[in-house]
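Asker: A structural model of the following input is requested.
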Amino acid sequence: MTVNGVEFYDAPKNAGTTMRMWLKHYEQRLPETRDWSGYYTLRGLGLPTAWHNNAMVHPQFFSPGEEGNIRFCIKRDPIDRFISAYTDKVLHEKLAPWSIDTCLSMIESGEMEAIARSDDPYKLAASHFLDQCTWFGPQMDYFDHVFDIHRMDAVRAFCQDVVFKMPLPPFHARNAKHLKLSKIELAPSQYRYAQSVFAPDYAAGWS
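Answerer: The predicted model follows:
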């Protein structure tokens, strides 16, 4: 997404739904009468025209932007992100039949990325499990601004002042409590395995 000389780099499960809603609001304004304080989606509204889905089209994942643009992204703890992706995409949406251990093994071996870069039926599910280094690159200093997902108030302020230059509704981020589904809990051995699998993210500062 590029708006007013500002580039947003998205990674699944890192507040992309909120960013798409703000972009949609910027492009055509969303209904003022709707209550945006609870769970929301873009269902029935359509994707914003300026949104580039780099999971499903080329160039996929991280690619350098235009020289001189302001660049920002939203990071998230890798294991928390994995738990969110598994709960949402496997348990709730049932996009893939993988177990937790299978997912972690596929990420570690590179099979998950191979699926995400192919035309495999599980392509969309696989893209949600790729590490943030795949989406953002390994160099945090490439970005002018890096926000934490737990500081969406700061993201909103930045988007109002710098990106969209207009007031934005305080959208409530999608989360599992609205799905009537409890987030998975990793066993101690799985947690240690996940730490190893996502070591590149932790080393790069994407946590």
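Asker: Kindly provide the whole-number mean pLDDT of the biggest helix by length in the chain.
Answerer: Secondary structure of the chain per DSSP state H: the longest helix is helix 16-28. Helix 16-28 carries an average pLDDT of 88.
Asker: swap in stretch 140-156?
Answerer: Mean predicted lDDT for stretch 140-156 stands at 96.
Asker: One more: stretch 119-132?
Answerer: For stretch 119-132, the per-residue pLDDT averages 95.
Asker: Measure how far it is from the centre of its chain, please.
Answerer: 12 Å (Cα atoms, centre = their mean, to the nearest Å).
Asker: With just CA atoms, put it into CSV.
Answerer: Written as CSV, here are the backbone C-alpha positions of stretch 119-132 (Å, rounded to 0.1, in the frame of the first residue of the first chain):
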residue,chain,number,x,y,z
ASP,A,119,-0.4,-22.4,-6.9
ASP,A,120,-1.0,-25.0,-4.2
PRO,A,121,-4.6,-25.0,-2.8
TYR,A,122,-3.0,-24.2,0.7
LYS,A,123,-1.2,-21.2,-0.6
LEU,A,124,-3.2,-18.7,1.3
ALA,A,125,-3.0,-20.6,4.6
ALA,A,126,0.8,-21.1,4.1
SER,A,127,1.4,-17.4,3.6
HIS,A,128,0.1,-16.6,7.1
PHE,A,129,2.8,-18.8,8.7
LEU,A,130,5.9,-17.3,7.0
ASP,A,131,8.2,-15.4,9.3
GLN,A,132,8.3,-11.6,9.3
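Asker: those helices in the protein, which residues are they?
Answerer: Under DSSP H, the chain gives helices at 16-28, 78-85, 100-109, 111-116, 123-127, 132-136, 152-158, 188-197, 199-204.
Asker: Kindly reformat those helices as JSON lines and extend each row with distance to residue 51 and mean neighbour count.
Answerer: Bear in mind the C-beta positions are built from the backbone N, C-alpha and C, glycine included. Output for these, formatted as JSON lines (distance: least, Cβ to Cβ, whole Å; neighbours: other Cβ atoms under 10 Å):
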{"stretch": "helix 16-28", "distance to residue 51": "6", "mean neighbour count": "19"}
{"stretch": "helix 78-85", "distance to residue 51": "20", "mean neighbour count": "20"}
{"stretch": "helix 100-109", "distance to residue 51": "26", "mean neighbour count": "17"}
{"stretch": "helix 111-116", "distance to residue 51": "18", "mean neighbour count": "19"}
{"stretch": "helix 123-127", "distance to residue 51": "15", "mean neighbour count": "22"}
{"stretch": "helix 132-136", "distance to residue 51": "15", "mean neighbour count": "24"}
{"stretch": "helix 152-158", "distance to residue 51": "16", "mean neighbour count": "16"}
{"stretch": "helix 188-197", "distance to residue 51": "29", "mean neighbour count": "14"}
{"stretch": "helix 199-204", "distance to residue 51": "24", "mean neighbour count": "16"}
